[in-house]
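Asker: Have a look at this prediction, sequence included:
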Amino acid sequence: MTNECGTSRIAGCQFTLYPMSDKFVDIILSALDKVDTSKVWKDTDDVSTCIRGKMVHIFDVTQAIFLHAAKTGEHVAMSGTFSIGCPGDSSGDVFMDENDQPQNKAGIQDIKQQAGCKFALYPMGHEDYMKKIMDQIDLSKSRGVEVSESHYATRLDGDVKDIFNTLQESFDQVQQVVSHVTMTFTISANSPSNK
Ligand SMILES: Cc1ncc(C[n+]2csc(CCO)c2C)c(N)n1
């Protein structure tokens, strides 16, 4: 059964890039600058960047910003929270009229990048939330990434595009049956550490 409580399906992501490099200012600002964010509402401050709009563009922009930062070869991490159906979210609805064509597919098509990611799904207000989460962990295993258990999160290892596809599909599947869903993630590339 669907649990509709918001008036729109506006999605969003609040994220922070952490380049482990002396050049962190340039890496953050050029990643934000190189990515086409014309189909999302965006606000950057000294802590993080928030984007809001259609789910397809939220994942497209988040992935592209991480890839542009990671392709510098520096050790870069990104942490953030995706959200959809937040009952208080509505003022950016103007961006909901955009079409579903992702703006950054061409810009990232030649970037090949391995990464490790930990994510956690939070279906809000559902008593059977563990079942909804376990279904997505099971589905992750057929999406071309290595899936492993971690306390309070699930770990995904593989190509960044496969990782973001897995994140998006998991989030999308749950939001089809749960009105308000949040999902936290941390992704790291070019780390000098062993797993
Ligand atoms: C995605 C993202 N957005 C904002 C910040 C915050 N921040 C920290 S240093 C810096 C550049 C100099 O002002 C900015 C914007 C971040 N780290 N990652």
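Answerer: Yep, that arrived.
Asker: does any part of the host helix or strand of Val25 sit near the ligand?
Answerer: Counting by DSSP states H and E, the element that carries Val25 is helix 24-34. Yes. Residues of helix 24-34 contacting the ligand under Cβ under 6 Å from any ligand atom: 25, 28-29. All C-beta atoms are positioned from the backbone trio N, CA, C, and that covers glycine.
Asker: okay if I get the residues you listed as JSON lines plus neighbour count and pLDDT?
Answerer: What follows is the residues of helix 24-34 next to the ligand, written out as JSON lines (neighbours: other Cβ atoms under 10 Å; pLDDT from 0 to 100):
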{"residue": "Val25", "neighbour count": "10", "pLDDT": "98"}
{"residue": "Ile28", "neighbour count": "19", "pLDDT": "98"}
{"residue": "Leu29", "neighbour count": "12", "pLDDT": "98"}
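Asker: got those residues as CSV, with distance to Val174 columns?
Answerer: Output for those, formatted as CSV (distance: Cβ to Cβ, whole Å):
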residue, distance to Val174
Val25, 36
Ile28, 30
Leu29, 33
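Asker: could you say what helices and strands the least confident helix or strand in the chain by mean pLDDT packs with?
Answerer: Across the helices and strands of the chain, mean confidence by mean pLDDT, DSSP states H and E is lowest for helix 129-140: a mean of 88. Applying 3 or more Cβ pairs under 8 Å, 6 or more residues apart in numbering; DSSP states H and E, one finds that helix 129-140 contacts strand 114-123, strand 153-159, helix 160-175.
Asker: Could you give me the buried positions within it?
Answerer: Of the residues in helix 129-140, 129, 132-133, 136, 140 count as buried by neighbour count, 16 or more other Cβ atoms under 10 Å.
Asker: So what's the gap between the helix or strand just after it and the chain middle?
Answerer: For helix 129-140, the succeeding helix or strand toward the C-terminus, using DSSP H and E, is strand 146-150. Its chain's C-alpha centre and that of strand 146-150 lie 18 Å apart, by Cα atoms, centre = their mean, to the nearest Å.
Asker: Show me which residues of strand 146-150 are buried.
Answerer: Using 16+ other Cβ under 10 Å as the test for burial, strand 146-150 gives Val147.
Asker: Also stretch 17-35?
Answerer: Of all the residues in stretch 17-35, those buried under the rule 16+ other Cβ under 10 Å are 17-19, 21, 27-28, 31-32, 34-35.
Asker: Convert the C-alpha atoms of it to CSV, please.
Answerer: Only the C-alpha atoms of stretch 17-35 are listed here, as CSV (Å, rounded to 0.1, in the frame of the first residue of the first chain):
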residue,chain,number,x,y,z
LEU,A,17,32.9,16.8,-0.8
TYR,A,18,36.1,16.0,1.2
PRO,A,19,39.2,16.2,-1.1
MET,A,20,42.2,14.9,0.9
SER,A,21,44.4,17.4,-0.8
ASP,A,22,46.1,20.8,-0.5
LYS,A,23,44.1,21.7,-3.6
PHE,A,24,40.7,21.1,-1.9
VAL,A,25,39.3,24.5,-2.7
ASP,A,26,39.9,24.2,-6.4
ILE,A,27,38.7,20.5,-6.5
ILE,A,28,35.4,21.4,-4.8
LEU,A,29,34.7,24.6,-6.7
SER,A,30,35.7,23.2,-10.1
ALA,A,31,33.6,20.0,-9.6
LEU,A,32,30.6,22.2,-8.7
ASP,A,33,31.4,24.5,-11.7
LYS,A,34,31.9,21.7,-14.4
VAL,A,35,28.7,20.0,-13.7
